[in-house]
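Student: no FASTA, just this:
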């Protein structure tokens, strides 16, 4: 059996946390065992209350003493993970756990080290969203590919899965939006087998709670360059 640690950072996600955990719980893939780790990032709503009332939906609950941002939650989750692989899952229903079977395919068939879920590789569906977000994603992906000699189509998809031994949580230097770029850079640098698979995307609008803004791209791009030139 291959064990996959699914990390679910959550901050004020009372509206969706049980729905996403139920969606994760029904995923059954031959040869794969899931460890579900929820990291509550100091929620002020009923997220923790709902989690405590439904312990059968996850393996482990980590409660951060205060809101430290998604990056801090990810580091806490990675430090507690025991799986062969780590997979990130947002709690807001933008990404569907039904796509786990796609993500696991390169692992089961090719023993892949890194698997990226791409919203641009002919997925079943993608919700039409903001034009400039797509332009920004293309730009970030283009720069990452140049710096790392890769051919990704979507480096800032939530669905990043990698062999746990490739990235040491204690050595991560970032905790903001740029942390994803740092983790992917480290994983790609030390991996031998990298794949992309199509995943669907039900993106939120700003009114529905989307948080990323254009200025976040600056730190992301700098992290990509720094990780390549000054690692």
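Tutor: Cool, the structure landed. Just so you know, these numbers come straight off a predicted model, no measurement behind them.
Student: all contacts plus neighbour counts: C-alpha atoms, from now on.
Tutor: Fine.
Student: Look up the residues forming beta bridges with the residue nearest in space to the middle of the chain.
Tutor: Among the residues of the chain, the one closest to the centroid is residue 88, at 3.1 Å (Cα atoms, centre = their mean). Assessed by DSSP bridges, residue 88 has beta-bridge partners residue 7.
Student: Identify the residues contacting it.
Tutor: Residue 88 makes contact with 6-8, 158-161 under the criterion Cα atoms under 8 Å, 6 or more residues apart in numbering.
Student: quick one: contacts for the residue sitting furthest away from the middle of the chain?
Tutor: Distance to the chain centre peaks in the chain at residue 53, reaching 25.3 Å (criterion: Cα atoms, centre = their mean). Listed by Cα under 8 Å, 6+ apart, residue 53 has no contact partners.
Student: coming back round to it: save the contacts of residue 88 as CSV, and put in pLDDT, distance to residue 104 and neighbour count too.
Tutor: Supplementary listing: these in CSV, determined by pLDDT from 0 to 100; distance: Cα to Cα, whole Å; neighbours: other Cα atoms under 10 Å:
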residue, pLDDT, distance to residue 104, neighbour count
6, 98, 12, 25
7, 98, 16, 26
8, 98, 18, 25
158, 93, 15, 19
159, 97, 11, 24
160, 98, 11, 21
161, 98, 9, 26
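Student: Specify the local secondary structure of the nearest residue to residue 178 once chain neighbours are set aside.
Tutor: Computed as Cα to Cα, 6 or more residues apart in numbering, the closest residue to residue 178 that is not its neighbour in sequence is residue 220, at 4.3 Å. Secondary structure state of residue 220, per DSSP: H, G, I helix; E, B strand; the rest coil, is helix.
Student: Show me where the protein has its strands.
Tutor: Using DSSP state E, the strands found in the chain span residues 2-10, 32-40, 60-63, 85-88, 114-118, 160-163, 194-198.
Student: Run the angle between the last one and strand 114-118 for me.
Tutor: By that I understand strand 194-198. Angle of strand 194-198 versus strand 114-118, following axes from the mean of the first three to the mean of the last three Cα atoms, to 10 degrees, is 30 degrees.
Student: What is strand 194-198 packed up against?
Tutor: Under the contact criterion of 3 or more Cα pairs under 8 Å, 6 or more residues apart in numbering; DSSP states H and E, strand 194-198 touches helix 100-110, strand 114-118.
Student: what's the average pLDDT for that strand?
Tutor: Averaging pLDDT along strand 194-198 gives 97.
Student: Neighbouring strands - and their directions - for that strand?
Tutor: Note on strand 194-198: by DSSP bridges, its sheet partners are strand 114-118 (parallel).
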